[in-house]
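Participant: Structure, please.
(2 chains)
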Amino acid sequence: AQSVTQLGSHVSVSEGALVLLRCNYSSSVPPYLFWYVQYPNQGLQLLLKYTTGATLVKGINGFEAEFKKSETSFHLTKPSAHMSDAAEYFCAVSDAGTASKLTFGTGTRLQVTL
Amino acid sequence: EAGVVQSPRYKIIEKKQPVAFWCNPISGHNTLYWYLQNLGQGPELLIRYENEEAVDDSQLPKDRFSAERLKGVDSTLKIQPAELGDSAVYLCASSLRWDTEAFFGQGTRLTVV
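Facilitator: Model prediction:
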């Protein structure tokens, strides 16, 4: 069975500050890892994903994440937060062989203050 | 290109009543998913279709939930009868194939009173 743990249900940063959202996963097979963003009353939008290859993955809106197998982590970062980044962020994992079945974390709500 | 379209966006019903949600996936997408998102939680997969075949419905509560995807395009998710605990957001997603990116609709927010 797979699982995802997102540390911190709420994260608040100042505009211009570093954004760091934490994600740890558990998987018995090589995982595919994803970060999705959800704006209020909207569906989920894919930010980035790791499948194979380079462990540092760049996504949309200036976000990136690094797959660290030894730490079973896939933390999401952005060097400088913008007000428009305020949203709910979900980390998800799937088996490499069944990329379609996503197991999501409970989400982290990012607040950006002036 | 139109995204995944879901309707209605919001639905309020009394407990024990039936309710249905509709999903129109992105044109040409063979794989369709229904997810349940409870308040403050991440989405959980209810059912996955490959064309018109339900290939993974292990998380679908079959005593009251049913789904269909006639002709392998649009899909309907039904609850009968609804219970208070069914209040949640129901998300539909589609992907070109099972191993490609899934695109999500805006969801249907169900409130059972």
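
Participant: So the residue nearest to A:F104 when sequence neighbours are not counted: helix, strand or coil?
Facilitator: Nearest residue to A:F104, sequence neighbours excluded (CB to CB, 6 or more residues apart in numbering or on different chains): B:G42, at 2.9 Å. In short, each C-beta sits where N, CA and C put it, glycine included. At B:G42 the chain is in coil, as set by DSSP: H, G, I helix; E, B strand; the rest coil.

Participant: Bridged to the residue nearest the centre of chain A, which residues?
Facilitator: Nearest residue to the geometric centre of chain A (CA atoms, centre = their mean): A:W35, 3.4 Å. Under DSSP bridges, the beta-bridge partners of A:W35 are A:L48, A:C91.

Participant: got it, and A:S12?
Facilitator: A:Q111.

Participant: how close does it get to chain B?
Facilitator: Applying CB to the nearest CB, to the nearest Å, the value for A:S12 to chain B is 17 Å.

Participant: picking that back up, my read: the residue nearest to the centre of chain A touches A:L44, true?
Facilitator: No: at 10.0 Å, A:W35 does not count as touching A:L44 under the criterion of CB atoms under 8 Å.

Participant: what do those two both touch?
Facilitator: Residues touching both A:W35 and A:L44 (CB atoms under 8 Å, 6 or more residues apart in numbering or on different chains): A:F90.

Participant: Where does the spatially closest residue to A:H10 that is not a sequence neighbour fall, secondary structure wise?
Facilitator: Counting by CB to CB, 6+ apart, A:R109 is the residue found nearest to A:H10 once chain neighbours are left out, at 5.0 Å. Under the criterion of DSSP states H and E, A:R109 resides in strand A:108-113.

Participant: Burial check on the residue nearest to A:H10, number of neighbours?
Facilitator: A:R109: 16 surrounding residues under other CB atoms under 10 Å in any protein chain shown.

Participant: Do I have it right that it meets A:G8?
Facilitator: No: with contact defined as CB under 8 Å, A:R109 does not reach A:G8; the gap is 9.1 Å.

Participant: Hmm, B:Y49 and B:V55 touching each other?
Facilitator: Yes: here B:V55 lies in contact with B:Y49, judged by CB under 8 Å, at a distance of 6.9 Å.

Participant: Those two: who's more crowded?
Facilitator: B:Y49 (22 against 13).

Participant: and the more buried one, bridged to which residues?
Facilitator: B:L32, B:A54.

Participant: May I ask you to confirm that it is in contact with B:S75?
Facilitator: Yes: in this structure, B:Y49 is within contact of B:S75 by CB under 8 Å, at 6.6 Å.

Participant: Now the common contact residues for those two.
Facilitator: Common contacts of B:Y49 and B:S75 (CB under 8 Å, 6+ apart): B:32, B:67, B:69.

Participant: residues near A:C23, how many?
Facilitator: Neighbourhood size, A:C23 [other CB under 10 Å]: 24.

Participant: Let me fix that, I meant to ask about B:A102.
Facilitator: 26.

Participant: now swap in the one 4 residues further on and tell me
Facilitator: The local packing count at B:Q106 equals 19, with neighbours defined by other CB under 10 Å.
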